[in-house]
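Chemist: what follows is a predicted protein model with its sequence.
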Amino acid sequence: MAKDIEVAGHGDLTLKDYHDPPPAPLVDPEELGSWSFYRAIIAEFVATLLFLYVTVLTVIGYKNQTDPYHHGNECNGVGILGIAWAFGGMIFILVYCTAGISGGHINPAVTFGLFLARKVSLVRAVMYMVAQCGGAICGCGLVKLFQDIYYIRYGGGANELASGYSIGTGLAAEIIGTFVLVYTVFSATDPKRNARDSHVPVLAPLPIGFAVFMVHLATIPITGTGINPARSLGAAVIYNQPKAWSDHWVFWAGPFIGAAIAAFYHQFILRAGAVKALGSFKSSSHM
């Protein structure tokens, strides 16, 4: 079978050893009648629930162990490093478990970026986001159910701007942090790399989880690290205190902007989507 032809930078033709999947339609009537579609939605709901349950419990446990009013000190608990590991580690685990079912998004910003790149349909993107937000709310609800006193006392894991930082700084932190995450998702799932590096599909959850870990190390002191609107919404809804809703828009606008930039950068700069389309048009016009 002949290999596909790829249009290079100046209209040169090179052989492709991989196949790009066709763009996802905005609405796919067939997927609405498929059990795999609803199974994927359930997987996103459960994965986001587990993600919030474990990570928010880690945050609350750390604050309790370092609370001086309960004989705690800064040497107790997992520290910021441990919190970052909890978030990154859970993403690694959950992406590994759900990638073959739903793609392992577990984040509306990731879903939004993949939708802009036409990797998922509009209907699937909307349903994923609803499932992710619902799962996040239920995950935080379980934490409050099991540890009601600690949950309220230690802020419910809600995101908020740290004192001394402006809204602009917090927004920039969320944009850049989400860009790193979504850019990693695109790179780890790129069919071109999957074809040429057979180990990439197996290791894909690792760089994604590690990206979450690194971003948390950088931005926990600024915003508590959102980079996931569902995570921020779930904590805000269950904690439901004014400080949880203060500047909450930052934790939606920042991730969505960062995801959009990452999608554009990967698709049109690194993969040269616009250049390939132009080269293909020029080639066909000369035939």
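Modeler: Looks like it came in fine. Numbers count the residues shown, from 1 in each chain.
Chemist: pLDDT weak spots in the protein?
Modeler: The model of the chain has pLDDT under 70 over residues 1-18, 70-76, 193-202, 273-287.
Chemist: how far does whichever helix in it runs longest sit from its chain's centre?
Modeler: The helix that spans the most residues within the chain, counting by DSSP state H, is helix 35-65. Relative to its chain's centre, helix 35-65 lies at 13 Å (C-alpha atoms, centre = their mean, to the nearest Å).
Chemist: over to stretch 254-273?
Modeler: The answer for stretch 254-273 is 14 Å, by C-alpha atoms, centre = their mean.
Chemist: buried ones in it?
Modeler: Judged by neighbour count (16 or more other C-beta atoms under 10 Å), stretch 254-273 contains these buried residues: 254-263, 266-267, 271-272. Backbone N, C-alpha and C define where each C-beta goes, glycine included.
Chemist: ditto for stretch 55-69
Modeler: 55-67.
Chemist: which outside residues touch it?
Modeler: The set of residues external to stretch 55-69 that reach it, using C-beta atoms under 8 Å, 6 or more residues apart in numbering, is 70, 72-74, 76-79, 82-83, 86-87, 90, 139-140, 143, 147, 150-151, 153-157, 231, 235.
Chemist: helices of this protein, residue ranges please.
Modeler: 29-32, 35-65, 79-98, 108-116, 122-146, 148-153, 167-188, 191-196, 200-203, 205-223, 229-239, 242-245, 250-264, 273-285.
Chemist: so what's the gap between the first one and the chain middle?
Modeler: Read it as helix 29-32. 25 Å.
Chemist: just checking, residue 99 touches residue 205?
Modeler: Yes: under the criterion of C-beta atoms under 8 Å, residue 99 makes contact with residue 205 at 6.6 Å.
Chemist: quick one: which of the buried residues of stretch 254-273 is nearest to residue 182?
Modeler: residue 262 (3.7 Å; C-beta to C-beta).
Chemist: separation between that closest one and residue 176?
Modeler: With distances taken as C-beta to C-beta, to the nearest Å, residue 262 is found 10 Å from residue 176.
Chemist: repeat that for residue 91.
Modeler: Noted for residue 91: a distance of 18 Å to residue 176, by C-beta to C-beta.
Chemist: neighbour count for those two, which is higher?
Modeler: Neighbour tally, residue 91 and residue 176, criterion other C-beta atoms under 10 Å: the higher count belongs to residue 91, 26 against 18.
Chemist: thinking again about what came up before, list only buried entries from the contacts of stretch 55-69.
Modeler: Using 16+ other C-beta under 10 Å as the burial test, the contacts of stretch 55-69 include 77-78, 83, 86-87, 90, 139-140, 143, 147, 150-151, 154-157, 231, 235 as buried.
Chemist: distance to residue 23 added to the helices of the chain, as TSV?
Modeler: Listed next are the helices of the chain as TSV, based on distance: least, C-beta to C-beta, whole Å:
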stretch	distance to residue 23
helix 29-32	14
helix 35-65	18
helix 79-98	23
helix 108-116	11
helix 122-146	12
helix 148-153	43
helix 167-188	15
helix 191-196	13
helix 200-203	21
helix 205-223	23
helix 229-239	25
helix 242-245	37
helix 250-264	13
helix 273-285	11
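Chemist: nearest to residue 161, out of those helices?
Modeler: Proximity to residue 161 (C-beta to C-beta) singles out helix 167-188 among the helices of the chain, at 4.5 Å.
Chemist: and that closest one with helix 79-98, angle?
Modeler: 40 degrees (axes from the mean of the first three to the mean of the last three C-alpha atoms, to 10 degrees).
Chemist: residues of helix 167-188 that come out buried?
Modeler: For helix 167-188, using 16+ other C-beta under 10 Å, the buried residues are 170-188.
Chemist: quick check: angle from that helix to helix 229-239?
Modeler: 130 degrees.
Chemist: now helix 167-188 against helix 250-264, angle please.
Modeler: Using the same axes, to 10 degrees: helix 167-188 against helix 250-264 is 40 degrees.
Chemist: which strands and helices lie in contact with helix 167-188?
Modeler: Helix 167-188 is packed against helix 108-116, helix 205-223, helix 250-264, with contacts defined by 3 or more C-beta pairs under 8 Å, 6 or more residues apart in numbering; DSSP states H and E.
Chemist: wait, which of the ones you listed is closest to residue 95?
Modeler: Nearest of the helices and strands packed on helix 167-188 to residue 95, taken as C-beta to C-beta: helix 205-223 at 4.0 Å.
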